[in-house]
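J.: need coordinates for the below:
(chains A and B)
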Amino acid sequence: MSVRTLPLVFINLGGEMLYILDQRLRAHNTSEDNSEKGVWSENDRKRVLNDIVWTMFSKPFMDELLKPQQLYSHRTLKTVLTRLAHSSIMRLNPASMDRLYELMIMAFKYQVFVCPRPKDLLLISYNHIDAIRELVKDTPAVVNQVDETHRKIIEVYASSSEGEFQLLRQTLLIFFQDMHVRVSLFLKSQVQNPNGRFALLTSGPVPHRVDVPGLIRTFNSKGREVRRSEFPTGGSYTSPIREGSFELHGDRVIRLGTNMYNVNHPEETHTSKVPSVKTDDAPNLLAKEELNLLARLMGSMKAENVPGVETGFRISLFTTDQEEEEAEASGGAEESLCGVINIQAMQDEQAATELARIAGQFAEREEESDNPSSSKGDDLLAMMDDL
Amino acid sequence: MYHKEKSIQIKNSASALYNNLSVLRIAPRRLTYFTVVHANVVNMVSASWDGLNYSHRQLQSKEPNVATSTSLIMQAAFCVLPSRDLLVVTSQKGIQMYESDGSIMVYWHALDTPETPTAQAVFARGISAVWENYICVGVSSGSILVFDVPSKGSNITLSEVLEEHKESITDMASECSGSQECIADLVSADDGGNLCVWKSGEEFQLLNKISGFDMSCSSVKLWKGTVVAGYGTGQIRLYEAVTGILHAEVNAHARWIYSLDIAPFSGLLLSAAEDSLVRVWHLTMTPETNSVEVAHLHNECVTDTQICGAKFCDGDGYAFAVTGYDLSEIIRYTQS
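T.: Sure thing, here's the model as predicted:
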């Protein structure tokens, strides 16, 4: 399938991640200075976002993504996104990361699913980039990097045809297949049904370049129209709205990909699994190619060394008092994943431990496979330990 | 006109791929086979006509090297030849051909894949049986591979490579009316909406080329010398194959069309799109005036589903079946 999915995947998933982190870090009680232990100040929040954006839009990382290659497994993606999330002082434990990943994926799945025409995937990506630019606007160096990447993206996808964008979209849809995690924000706005599936309207404006359905035209051999008739469409469609801008700056027109998380409604990041859905049973063994990609991506992310004098922060990323009440009220009737998640923000000395833990997971997998080239796996692990 | 029947459950959900449903009716055994692609697997269901027996089978995509990542399947289609029926499966790695019940793989053709990936994706897509003994398969480069198929056995050979399209092949279809009078045997479509019309033989002959309008043609049929093409703009266009004259244009759907099918004995046309709608039309040819009439007959809405496959289950169009992205069932409709 498409070999050009990764840049858009990271921009859009990364964008959703930043929206969620921004909202959760704001929602928690903040103080003006760092005097209170366990509290995220305005500065801390901005710093976390800046660090993540800086790493994500760095030239070596983006260059790796821009190489033509297949889209790999959820496991690989989640590992890289975890590393991205940890490029600052904040640390998330696996349960938090799982929940964050679910939210990101479902948001992007929705955007790809209802995308009016395949080329609009770019507009969705540009909406994310625009919002990211806004989040880091106080740091010109980071804004520059975002602009540079944006220019590169425009250039890379400029020559893709609608058919190629549809192939890209189909590749993404296969990646998201069978995921029906319910997101309360989506359920409330009725873009998602209680069974976890997204709503598709048979009304509204048709996409750009599409004619409103309903007309049959017949021509003679000279090319002249000889008959025109109408048929009932079963929907109520209207003419297309104006096309969004594909430039560095401009009105994108479509709203997909903009920040839908409102500071006042923190419960909107509440998710729950649909009981009957089978979980993703991705195989434990990562293919050789995926391990190589992972190593290259991790290697291209420079670890910003923050002095280890920061005190540890304890933060609950996904609960508010309201959610805790809701969790108690539901009384465990739903799946246990709706429970309270406490995240511990670890100090920087533990960053190496964290990476070693991730690396350790690969060590286990390497041992499981009786692959003759296991020495290659050892080299990869050594590389990751050096990061 | 049609009412919904009991759906057939399949082991996995359907992937969002063009023409993602193939149907083979086996009258002597009172069975119908259905195939639906899910990522790197083909789900096959054999359904008895009395609705009592269903058996399932899964076919995996073939990879030359287990250590590499899985190969995604682009399409699976039954090819009906006078002497035998085969199931052809196309993927990123190559082309597999099976006996029609999926029991034995009789042929494997690997695609040339470069060592390091290039900007162009590599895959095979677009499958059609042609005339007596050919199976044609399209490739992402725009080439069409013509395979010569003996009446039995696995001695299938690559007979010719047709290089006419410059963009990825999306779909192909052969003349389905059964009429011997038609000159054109095969039509191929690509991502730019370009259509090529061919006459089969030891050397295939290009009869006509119909330019696209820069919009992908995702599904194509050929019936009584008329090309019926479905586009990403939701339009259906009818062309006279050999001359390229546009007979009719239908603003049929509000989103990308994913599947077209024709019931050759009755002239019924089925169209399905990402807009969640399936539509049934009737085509009437008037050879004297050299005109084609298109009449709309029926709509079915599969709520909240982007449809990826729709096929008639018989030559009269008495019943049809539908698949949708993320849906683990084959939905069936029968005439009331």
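
J.: what's the pLDDT at residue 183?
T.: Picked chain A for this. Note on residue A:183: pLDDT of 91.

J.: sorry, should have said chain B
T.: 89.

J.: and residue A:74, by the same measure?
T.: 89.

J.: what helix or strand is residue B:292 on?
T.: Using DSSP states H and E, the element containing residue B:292 is strand B:291-301.

J.: that strand pairs with which strands?
T.: strand B:277-286 (antiparallel) (DSSP bridges).

J.: what comes into contact with the host helix or strand of residue B:3?
T.: If you go by DSSP H and E, residue B:3 is part of strand B:2-4. Contact partners of strand B:2-4, identified using C-beta atoms under 8 Å, 6 or more residues apart in numbering or on different chains, comprise B:280, B:298, B:300, B:320, B:331, B:332, B:333, B:334, B:335, B:336. Any C-beta I mention is one placed from the backbone N, CA and C, and that applies to glycine too.

J.: and it, what's buried?
T.: residue B:2 (16 or more other C-beta atoms under 10 Å in any protein chain shown).

J.: tell me what whichever helix or strand comes after it is packed against?
T.: Counting by DSSP H and E, the next helix or strand C-terminal to strand B:2-4 is strand B:8-9. Helices and strands touching strand B:8-9, by 3 or more C-beta pairs under 8 Å, 6 or more residues apart in numbering or on different chains; DSSP states H and E, are strand B:329-335.

J.: mind checking which helix or strand of chain A has the lowest mean pLDDT?
T.: Scoring the helices and strands of chain A by mean pLDDT, DSSP states H and E places strand A:343-345 at the bottom, with a mean of 36.

J.: give me the number of residues near whichever residue of chain A sits closest to chain B?
T.: Nearest residue of chain A to chain B, counting by C-beta to the nearest C-beta: residue A:163, 3.0 Å away. For residue A:163, the count of nearby residues is 23 (other C-beta atoms under 10 Å in any protein chain shown).

J.: now residue A:222
T.: Neighbour tally, residue A:222, other C-beta under 10 Å: 7.

J.: low-confidence ranges in chain B?
T.: Where chain B drops to pLDDT under 70, the residues are B:63-70.

J.: can you pull the phi/psi pair for residue 59?
T.: The chain I'm using is chain A. Note on residue A:59: its backbone torsions stand at phi -60, psi -50 [degrees, to the nearest 10].

J.: quick check: it touching residue A:144?
T.: No. Using C-beta atoms under 8 Å as the test, residue A:59 is too far from residue A:144 to be in contact (11.2 Å).

J.: hang on, the earlier thing: quickly check the contacts of strand B:2-4 for the two that are furthest apart.
T.: Greatest spacing in these, by C-beta to C-beta: B:331 and B:336 (16.0 Å).

J.: out of the two, which sits in the more crowded spot?
T.: residue B:331 (21 against 6).

J.: for chain A, which segments count as strands?
T.: A:182-183, A:203-205, A:215-219, A:225-230, A:236-238, A:271-272, A:313-315, A:343-345 (DSSP state E).

J.: show residues contacting the second one.
T.: I take that to be strand A:203-205. Residues contacting strand A:203-205 (C-beta under 8 Å, 6+ apart): A:235, A:236, A:237, A:238, A:239, A:240, A:241.

J.: buried subset of the contacts of strand B:2-4 as a ChimeraX selection?
T.: Listed next is the ChimeraX selection for buried residues among the contacts of strand B:2-4, using 16+ other C-beta under 10 Å:
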select /B:280,298,300,320,331,332,333
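
J.: of the contacts of strand A:203-205, which ones also sit close to chain B?
T.: A:235, A:237 (C-beta under 8 Å from any C-beta of the partner chain).

J.: could you dump the contacts of strand A:203-205 into JSON lines with distance to residue B:6 added?
T.: Shown next, in JSON lines, are the contacts of strand A:203-205 (distance: C-beta to C-beta, whole Å):
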{"residue": "A:235", "distance to residue B:6": "27"}
{"residue": "A:236", "distance to residue B:6": "31"}
{"residue": "A:237", "distance to residue B:6": "32"}
{"residue": "A:238", "distance to residue B:6": "37"}
{"residue": "A:239", "distance to residue B:6": "40"}
{"residue": "A:240", "distance to residue B:6": "39"}
{"residue": "A:241", "distance to residue B:6": "41"}
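
J.: highest neighbour count among the contacts of strand A:203-205?
T.: residue A:237 (22 neighbours).

J.: so that residue sits right up against residue A:212, yeah?
T.: Yes. Counting by C-beta under 8 Å, residue A:237 touches residue A:212, with 4.9 Å between them.

J.: mutual contacts of the two, please.
T.: A:206, B:254.

J.: how about the residue of the stretch 101-250 of chain B found nearest chain A: what's its closest non-neighbour residue?
T.: Nearest to chain A, among the residues of the stretch 101-250 of chain B, is residue B:191, at 3.0 Å (C-beta to the nearest C-beta). Distance criterion C-beta to C-beta, 6 or more residues apart in numbering or on different chains; nearest residue to residue B:191, sequence neighbours excluded, is residue A:163 at 3.0 Å.

J.: which other residues reach the strand holding residue B:292?
T.: A:202, A:216, A:218, A:220, A:226, A:231-234, B:1-2, B:4, B:226, B:236, B:238, B:247-248, B:250, B:268-269, B:276-286, B:322, B:333.
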